[in-house]
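Student: What shape does this take:
(one chain, ligands or ions: 1)
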Amino acid sequence: MNDTFLKACRGEAVDYTPIWIMRQAGRYLPDYHKVRSKMTFLELCKTPERAAEVTLQPVDIIGVDAAILFSDILVTLDAMGMELTFKEKQGPVLPSPIKSQADLDKLIDPDPMDKLGYVMDTISLLRKELNVPLIGFCGAPFTLSTYAIEGGSSKAFWNTKKMMYQAPELYHNLMKKITASLITYLKAQVEAGAQALQVFDSWAGSLSPGDFSEFALPYVQDIITALKPSGVPLIYFANNCAGLLDLTPKSGADVLGLDWRVDIPKAIDAFGDDIAIQGNLDPISLLLPEDKLEKRIASIVERGKKAHGHIFNLGHGILPETPPEKAKFVVDAVHRLSKR
Ligand code: CP3
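Tutor: Numbers count the residues shown, from 1 in each chain. Now for the predicted structure:
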């Protein structure tokens, strides 16, 4: 097995900088559309053979050094009993958002083997096929709470912040319940064969440092503490984290993901000597001509060499309009430019 990705997560010496891409299995690949055209997105997540097939596509087509399980962060809320649909062009919709303790009391603490068994089946199938490590994942409690409270995607997260400020006990109860189910879910993923775990905190950057410390970070710490004994590398990606650089290391994660707004040397200064970094090319730069794109890649590769470990990635998910050849160009360029 190619274990360069796992070595970089642990800060061990590598022959080249490994790369994977957030949302690498998805809509920029014509092969994904072929599978997806036959079923809805959630059906695809819940059909292990097909979910495994689309997980493998970017490994075969663009040559990344790790696979990420094909699923979604919102399947946890679905398993907890919240109704969930994905509407074309609108994204996720949860028609009965959490507004009260009574709403919260209706949510269950799901047995992952029962409610999320399809994820474990996908992981088992993948481990038989893959020759690169498999990353499992979940959404961070704060990011999941925004979907549970807003009922879908949001720009300003007003209802979430209103609950934090006006009903902090209810908000903390929700966070505790989400965190408990995430911990059993991630443990089950490792048991099934996941070799690293990423916690996606897509909307962490919408919080002030004080609110992040009080309402979000303690629950990420709980997850990291609970999963440490599993021994797999733990990656925490807080998107838009430039204002939180002195706080995200307190998560206890082995690797911290960086979005493109952060200068890598500043992150290395803030994180110290024993945290690896992951990132951080702006996804839009994949639309640049190759010479300009290559300069940006080279700069990130060079800066990353000074980190405890560096896994190349984009600063957020790859855009659906990206030509697959450009994604392959990035993978090949990272490998070529980083060769030790
Ligand atoms: O990275 C991968 O390749 C693995 C699969 C994966 C998906 N979603 C597939 C997906 C992962 C890791 C996610 C995580 C996810 N889901 C996040 C965190 C990462 C991030 O982007 O910040 C979030 C916030 C979600 C919630 C979500 N899922 C939204 C808001 C949407 C709709 C908007 C959009 O991007 O389409 C989704 C749908 C979704 N998740 C798709 C895919 C491939 C598109 C579904 C389709 O085929 O129509």
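
Student: Residues in contact with stretch 217-233: which ones?
Tutor: 6, 9-10, 138, 140-142, 175-176, 178-179, 182-183, 186-187, 190, 194-197, 199, 201, 234, 236, 247, 250-255 (C-beta atoms under 8 Å, 6 or more residues apart in numbering). (Each C-beta comes from the backbone N, C-alpha and C, glycine too.)

Student: swap the cut-off to 7 Å and go again
Tutor: The contact list for stretch 217-233 (C-beta atoms under 7 Å, 6 or more residues apart in numbering) reads 6, 9-10, 140-141, 175, 179, 182-183, 186-187, 190, 194-197, 199, 201, 234, 236, 247, 250-255.

Student: Report the rounded mean pLDDT for that stretch.
Tutor: On average, the pLDDT along stretch 217-233 is 98.

Student: same thing with stretch 276-284?
Tutor: Stretch 276-284 shows a mean pLDDT of 98.

Student: can that stretch be found next to the ligand?
Tutor: No - Stretch 276-284 lies out of reach of the ligand by C-beta under 6 Å from any ligand atom, never closer than 10.0 Å.

Student: Using CSV, write down the CA coordinates of that stretch.
Tutor: The C-alpha trace of stretch 276-284 is given here as CSV (Å, rounded to 0.1, in the frame of the first residue of the first chain):
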residue,chain,number,x,y,z
ALA,A,276,1.0,18.6,10.4
ILE,A,277,-0.8,20.8,8.0
GLN,A,278,-3.1,20.1,5.1
GLY,A,279,-4.0,22.5,2.2
ASN,A,280,-4.3,25.1,0.8
LEU,A,281,-4.7,26.0,-2.9
ASP,A,282,-7.7,28.2,-3.7
PRO,A,283,-10.1,25.9,-5.6
ILE,A,284,-10.7,28.6,-8.2
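
Student: Up against the ligand, what does this structure have?
Tutor: 22-27, 36, 41, 68, 70-74, 86, 91-92, 137, 153, 200, 202, 239, 317.

Student: If you go by neighbour count, which of the residues you listed are buried?
Tutor: Buried members of the residues of the chain next to the ligand, scored by 16 or more other C-beta atoms under 10 Å, are 22-26, 36, 41, 68, 70-74, 92, 137, 200, 202, 239, 317.

Student: Give me the residues contacting stretch 256-267.
Tutor: With C-beta under 7 Å, 6+ apart, stretch 256-267 has contacts from 235-237, 239-242, 245, 248-249, 271, 275, 277-282, 300, 303-304, 313, 315-316.

Student: Swap in 6 Å and give it another go.
Tutor: 236-237, 239-240, 242, 248, 275, 277-280, 282, 303, 315-316 (C-beta atoms under 6 Å, 6 or more residues apart in numbering).

Student: Just want the most central residue of this structure.
Tutor: Among the residues of the chain, the one closest to the centroid is Phe200, at 3.8 Å (C-alpha atoms, centre = their mean).

Student: right, and the helix or strand after whichever strand or helix holds it?
Tutor: For Phe200, the host element (DSSP states H and E) is strand 196-201. On the C-terminal side of strand 196-201, the closest following helix or strand by DSSP H and E is helix 209-211.

Student: Mark which of the contacts of stretch 217-233 are buried, thanks.
Tutor: 6, 9, 140-141, 175, 179, 182-183, 186-187, 190, 194-197, 199, 201, 234, 236, 247, 251-255.

Student: Narrow these to those in strands?
Tutor: Counting by DSSP state E, the buried ones among the contacts of stretch 217-233 place Ala196, Leu197, Val199, Asp201, Leu234, Tyr236, Val255 in strands.

Student: biggest separation within the residues you listed, which pair?
Tutor: Distance extremes for these: the farthest pair is Ala196 and Asp201 at 16.5 Å, using C-beta to C-beta.

Student: if we can go back for a sec, so which of the contacts of stretch 256-267 belong to helices?
Tutor: Judged by DSSP state H, helices contain the following of the contacts of stretch 256-267: Arg303.

Student: can you count the residues close to Pro95?
Tutor: When neighbours are counted by other C-beta atoms under 10 Å, Pro95 registers 10.

Student: OK, contacts around it?
Tutor: When contacts are counted by C-beta under 6 Å, 6+ apart, Pro95 touches Glu83.

Student: Find the helix or strand that it is a member of.
Tutor: Applying DSSP H and E, one finds Pro95 in no helix or strand.
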